[in-house]
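In: Model the following, please.
(chains A and B)
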There are 2 protein chains.
Amino acid sequence: MNETDLITKLTAGLPANDSVHTGPGDDCAVLKFGDQTLLFKTDAIVEGIHFERDTPPEKIGRKALARTLSDIAAMAGTPTHALVTLGRCEDHDPEHLMHIYDGLKSLALEHSVNIVGGEITTLPKLTLSISLIGTVEQPVLRSGSQMGDAIFVSGELGGSLADHHLTFQPRLTEARWLVSHFEVHAMIDLSDGLATDLRHLLNEHTGAELRSPAVPISRAAKLAAKENPSSKTALLAALTDGEDYELLFTVSPKTAVAVLDGWKAQFPDTPLHCIGKITDTPGITLRDDKGARTLTLHGYDHLN
Amino acid sequence: MNETDLITKLTAGLPANDSVHTGPGDDCAVLKFGDQTLLFKTDAIVEGIHFERDTPPEKIGRKALARTLSDIAAMAGTPTHALVTLGRCEDHDPEHLMHIYDGLKSLALEHSVNIVGGEITTLPKLTLSISLIGTVEQPVLRSGSQMGDAIFVSGELGGSLADHHLTFQPRLTEARWLVSHFEVHAMIDLSDGLATDLRHLLNEHTGAELRSPAVPISRAAKLAAKENPSSKTALLAALTDGEDYELLFTVSPKTAVAVLDGWKAQFPDTPLHCIGKITDTPGITLRDDKGARTLTLHGYDHLN
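Out: Residues are numbered from 1 along each chain as shown, chains lettered A, B, ... in the order given. Prediction:
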């Protein structure tokens, strides 16, 4: 049983009443409390998977919170309150833990997030889990994309493990600006790679056609491909590497130019690219001058 | 550096604004969202610490949620929404995980808690962390006890590891009933043992005087003391064993009799005992016919 099947089985028949606007399966849960709409999210990072033993501790703390903030951004929300669960070995150096918290606190201050508690427990591997509450006016779900929508991605993609995964800025401001100026149909943050995460914006009746020259490739991905020609190409890295934490969203093609112009004026230092459109052909097609290929989770299926 | 010192150091200077009614250091964080008062709590259980490899999986899932519900009970709240973080070894049997979720879902249904998501991550030891949101009319904090207050405890104490720690009922109904009928000054749920947790209701100017014959001792604690006379006495087990998950609270001595009578009528199957009073002598004194002793975290200091 793979992870997706397992999660589907585990979460089948979960209790939920009218207060649950959106349950499992989106970037955050969306909850109704009186006239308030809240976002609720939890995310854990583990030594050896999301960071290494020698990763600077401030960056470990920063990353744990930043990932969760990125999920709030993906729904155009505002993070407000966090709890921190720290799992550590019994002999873990207290100084190291304090530096982890320093990184965490510093990013929390930057985004006006209140850290309101948590706990320390004993685990064989350093683990940092963040529970986050946020507020939102009108949440943008993954499920709202429409036929013909223009697909946009912020930033540049690929090669995140070189550095970006520890230093990225969650796109909170950008997402809220977007939603306050345009009707965003669907949005997600890129954590598992474009080829995987874009599928979450599709359903059994829709697909995506991407123009490969339009996919923004990071300098790190280009450098890695150049230094190691036997590894995947820079384009494939941009399409399949994880941990970009950029925004991927769709809008009506009628507003696409206004989105591009508005973004450029508002965020001149952050690229935004229109990389393709939503179609009625299920799956993801990658098109360039030479033809079309099907994009799988980790590569290309065939040339048409 | 011990755990308490470490937590104090880590949580020093945490960012918090006016929306934070109560931050770290109580059973839950208390947050203001418009006219809503919310409780926010996270709690993790780990294999080898809170349960064993051969603990029935339904009971593992149940315990994880029940502990967190008990923290909501300690503030007289109502749990509403939960996220589940499951850390498991890669080769962990999916059936086992599904049984863990069965135990969790079943208790969630019992208390009308919506499970709205979570995640699965890879960890060397099975770990289950619950994030919980709840609502509350008027939260009861740990800090409100007053000189002369009567100290009450629900249920019977000690010997929880024999079974109770996996099967206890969080005292949600009882706590809300209490607060809707009486002015409860301070409350906590017993997780680390009376001798430890009672201290959280005291400050540098107050202490507690307990009457040892009034401390309710569980059948399991009596049985363990009888079967193994070289281990701690049943009374000491009741005072220092952890994981009772009973309510410990204080009210004005004027309302003590009404509390006892009302509780007995409302919850005839759940004992409630007045075990002592809040005094102006810091620390915990244990008094019986023979005299007085000071109660430390794990035993008695001396006979006066």
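
In: who's in contact with A:R53?
Out: Counting by CB atoms under 8 Å, 6 or more residues apart in numbering or on different chains, A:R53 touches A:E47, A:L126. Glycine gets a C-beta too; all of them are placed from N, C-alpha and C.

In: if you set the cut-off to 10 Å instead, what comes out?
Out: A:E47, A:K125, A:L126 (CB atoms under 10 Å, 6 or more residues apart in numbering or on different chains).

In: Same question for A:G207.
Out: Contacts of A:G207 by CB under 10 Å, 6+ apart are A:147, A:198-199, A:277-285, A:294.

In: out of these, which are inside strands?
Out: Within those, residues falling in strands by DSSP state E are A:K277, A:I278, A:T279, A:G283, A:I284, A:T285, A:T294.

In: can you give me the helices for the stretch 151-300 of chain A?
Out: Secondary structure of the stretch 151-300 of chain A by DSSP state H, counting those that start in this stretch: the helices cover A:164-167, A:172-181, A:194-197, A:219-227, A:234-240, A:256-266.

In: residue ranges with poor pLDDT in the stretch 201-304 of chain A?
Out: Where the stretch 201-304 of chain A drops to pLDDT under 70, the residues are A:302-304.

In: let's see 80
Out: Low-confidence segments of the stretch 201-304 of chain A, defined by pLDDT under 80: A:298-304.

In: Tell me the one among the contacts of A:G207 nearest to A:E119.
Out: A:R199 (35.5 Å; CB to CB).

In: number of nearby residues for that closest one?
Out: 19 (other CB atoms under 10 Å in any protein chain shown).

In: Quote the end-to-end distance of stretch A:49-56.
Out: Terminal residues of stretch A:49-56 lie 15 Å apart, using CA to CA, to the nearest Å.

In: Now that we're looking at A:A108, what pLDDT does it have?
Out: The model reports A:A108 with a pLDDT of 96.

In: Contact residues of the stretch 101-250 of chain A facing chain B?
Out: Counting by CB under 10 Å from any CB of the partner chain, the positions of the stretch 101-250 of chain A adjacent to chain B are A:101-102, A:104-106, A:108-125, A:127, A:129-133, A:135.

In: can you do 6 Å?
Out: By the rule CB under 6 Å from any CB of the partner chain, the part of the stretch 101-250 of chain A lying against chain B is A:Y101, A:A108, A:L109, A:N114, A:I115, A:V116, A:G117, A:T121, A:P124, A:K125, A:S129, A:S131.

In: Keep only those of these that are in strands.
Out: A:N114, A:I115, A:V116, A:G117, A:T121, A:S129, A:S131.

In: List the buried residues of whichever helix or strand A:L97 is part of.
Out: In this structure, A:L97 is located in helix A:94-110 according to DSSP states H and E. For helix A:94-110, burial by neighbour count (16 or more other CB atoms under 10 Å in any protein chain shown) applies to A:L97, A:M98, A:H99, A:I100, A:Y101, A:D102, A:G103, A:L104, A:K105, A:L107, A:A108, A:E110.

In: Just the closest of those residues to B:H81, please.
Out: Set against B:H81, the nearest of the buried residues of helix A:94-110 by CB to CB is A:A108 (22.3 Å).

In: Got the domain ranges for chain A?
Out: The record, using automatic domain parsing to delimit domains, assigns chain A the ranges A:14-135, A:150-303.

In: Out of the ones you listed, indicate the one that is most buried.
Out: The highest mean neighbour count among the domains of chain A, using mean count of other CB atoms under 10 Å in any protein chain shown, belongs to domain A:14-135: a mean of 21.

In: Centre of the chain to that domain, how far?
Out: 14 Å (CA atoms, centre = their mean, to the nearest Å).

In: gap between the two ends of stretch A:114-131?
Out: Terminal residues of stretch A:114-131 lie 12 Å apart, using CA to CA.

In: backbone phi and psi for A:T37, please?
Out: Dihedral pair for A:T37: phi -110, psi 120, per degrees, to the nearest 10.
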